[in-house]
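**Student:** show me the folded form of this:
(one chain, ligands or ions: 1)
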Amino acid sequence: MAEAYQRGLEPGYRFRCDGCGNVTRFDVIEAARTRRYHHFDLGGDGQVDEEEVLARTIESVTCRWCGRDDAVRVEATPNPAR
Ligand SMILES: [Zn+2]
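**Tutor:** From the prediction side, this is the model:
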């Protein structure tokens, strides 16, 4: 299911809640494995200069309207982005 949910974030696809018909508002919980280039100054303060996502897995998609996480599926958008 996680791989199917991933497609919902790609252009040309969207989520749909079969519980209430919502296609625009969802809470997406995602776990990501990343490589970050942390750049520190001599005092130890730092910032992230680069970040690469090595792997990501969507754990759940919850409808913001009705709260269901067991009725959300992925479908092709009616007018895919070009
Ligand atoms: Zn819903």
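**Student:** okay, buried residues for the lengthiest strand in the chain please.
**Tutor:** Taking DSSP state E as the criterion, the chain has its longest strand at strand 46-63. Residues 58, 61, 62, 63 are the ones in strand 46-63 that count as buried (16 or more other CB atoms under 10 Å). The way it works is simple: take the backbone N, C-alpha and C, and place the C-beta from them, glycine included.
**Student:** closest to the ion out of those residues?
**Tutor:** Set against the ion, the nearest of the buried residues of strand 46-63 by CB to the ion is residue 63 (3.1 Å).
**Student:** show me the contacts for that closest one.
**Tutor:** 17, 19, 20, 22, 25, 26, 69, 71, 72 (CB atoms under 8 Å, 6 or more residues apart in numbering).
**Student:** which positions in the chain make contact with the ion?
**Tutor:** Residues of the chain found near the ion (CB under 5 Å from the ion) are 17, 19, 20, 22, 63, 65, 66.
**Student:** could you give the mean pLDDT of the longest strand of the chain?
**Tutor:** Strand 46-63 shows a mean pLDDT of 96.
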